[in-house]
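Novice: here is the input, now give the coordinates:
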Amino acid sequence: MDEAAAALDRWRQQAIRQATSSGVDATEVDWLLRELAGWTPLDRLMHRPPPRRCAIEQLDELWQQRLLHNIPLQQLLQTVTWRRLQLTVTDAVLIPRPETEQLVDLALDCLAEFSMPGLWVDMGTGSGAISVGMAHESPELSVIAVDTSAEALAVAAHNIERYKLGQQISLLQGNWFDGLRQSSSDSPCLQGMVSNPPYIPSDAVEKLAPEVRDREPRLALDGGADGLVSIRHLIQEAPHFLQSGGCWLVELMYDQAAEVSRLLAEDGRYRRIESHPDLDGNQRFVSARRI
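Specialist: As a prediction, this is how the structure comes out:
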């Protein structure tokens, strides 16, 4: 085995032992090696040298931060691979999860119902993942990406620029629809609203893994006493902006779909209220159309 590969392999074995004793997923070791050295499990099995030079000291410094301070690797590396995209993330934004890729799929399915893509809003955009994911696959789509956090919008701006989507996605700082209200006309203008809002009940936030509870923004996690405070607001306010037939689409906690569907029906301004499963079969998403 090449000397550099042998050194990485020795470090890998040590890091796996540390992960096991610390309760950390040991697959993160290979993830770190792939990101920093370009060294994949196949390279290791084939005894190939790493494509990029990487000091063991640099690897170990990041790995110890991961173990000792519960910092997610995505934040340490400031990047995440998501929906065939390479997105920048920091501790100012929620790390995009795999299930949110399905939210983009559902939004694109809804978009396909219209003869032409129109104007959508991504409420609580965070890293901009949803907006970038949609615009990247629908070149004629326009999206307003809204967030109350200036730090989050700075991250979103970086991701939008990376994929040259500035002509399709505009950023707006504000609290949900408040900023949109100030910049829109009196007539409903939106073809759709998509959101991955905070939906975890406040008490449950304290029980999350420390990598999430202590390292990701509480603002993006805490949905109030029952987890539905922000979702109720989106149900109430969206009809003022959605055109007739416009799509309302949110991601939820695994057990909230029935209650959110009830709230939408009770509101009286929505039709075609549907829940949608994630890959594990949980009803993770709810969609509706404006009457």
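Novice: that's a strand at residue 44, yeah?
Specialist: No. According to DSSP: H, G, I helix; E, B strand; the rest coil, residue 44 belongs to no strand; its state is helix.
Novice: and the lowest mean pLDDT element among the helices and strands of this protein?
Specialist: Lowest on mean pLDDT, DSSP states H and E among the helices and strands of the chain sits helix 178-183, with a mean of 71.
Novice: helix or strand next in line after that one, which one?
Specialist: Next helix or strand after helix 178-183 toward the C-terminus (DSSP states H and E): strand 190-195.
Novice: show me the longest helix that occurs in this protein.
Specialist: Secondary structure assigned by DSSP state H gives helix 3-22 as the longest helix of the chain.
Novice: next secondary structure after it?
Specialist: Criterion used, DSSP H and E; the element after helix 3-22 is helix 27-37.
Novice: helices along this protein, start to end?
Specialist: 3-22, 27-37, 41-45, 56-69, 73-77, 98-111, 129-137, 150-162, 178-183, 202-205, 210-213, 229-237, 257-267.
Novice: deepest of those helices, which one?
Specialist: Mean neighbour count (mean count of other Cβ atoms under 10 Å) peaks for helix 129-137 among the helices of the chain, with a mean of 25. Where you see a C-beta, it was placed from the backbone N, CA and C, and this is true even at glycine.
Novice: next, the angle from that one to strand 190-195.
Specialist: Going by axes from the mean of the first three to the mean of the last three Cα atoms, to 10 degrees, helix 129-137 is angled at 130 degrees with respect to strand 190-195.
Novice: where does pLDDT dip in the stretch 51-200 of the chain?
Specialist: 182-188 (pLDDT under 70).
Novice: my guess is residue 151 meets residue 92, correct?
Specialist: Yes. Applying Cβ atoms under 8 Å, one finds residue 151 in contact with residue 92, separated by 3.7 Å.
Novice: from residue 95, how far off is residue 63?
Specialist: 18 Å (Cβ to Cβ, to the nearest Å).
Novice: oh, that last question was meant for residue 55, not what I typed.
Specialist: 26 Å.
Novice: the more surrounded of these two?
Specialist: A side-by-side neighbour count of residue 55 and residue 95, using other Cβ atoms under 10 Å, places residue 95 first with 23 against 11.
Novice: nearest residue to the more buried one other than its sequence neighbours?
Specialist: Closest residue to residue 95 apart from its sequence neighbours, by Cβ to Cβ, 6 or more residues apart in numbering: residue 74 at 4.8 Å.
Novice: so the one you found touches residue 82, yeah?
Specialist: No. Assessed by Cβ under 8 Å, residue 74 is found out of contact with residue 82, at 9.4 Å.
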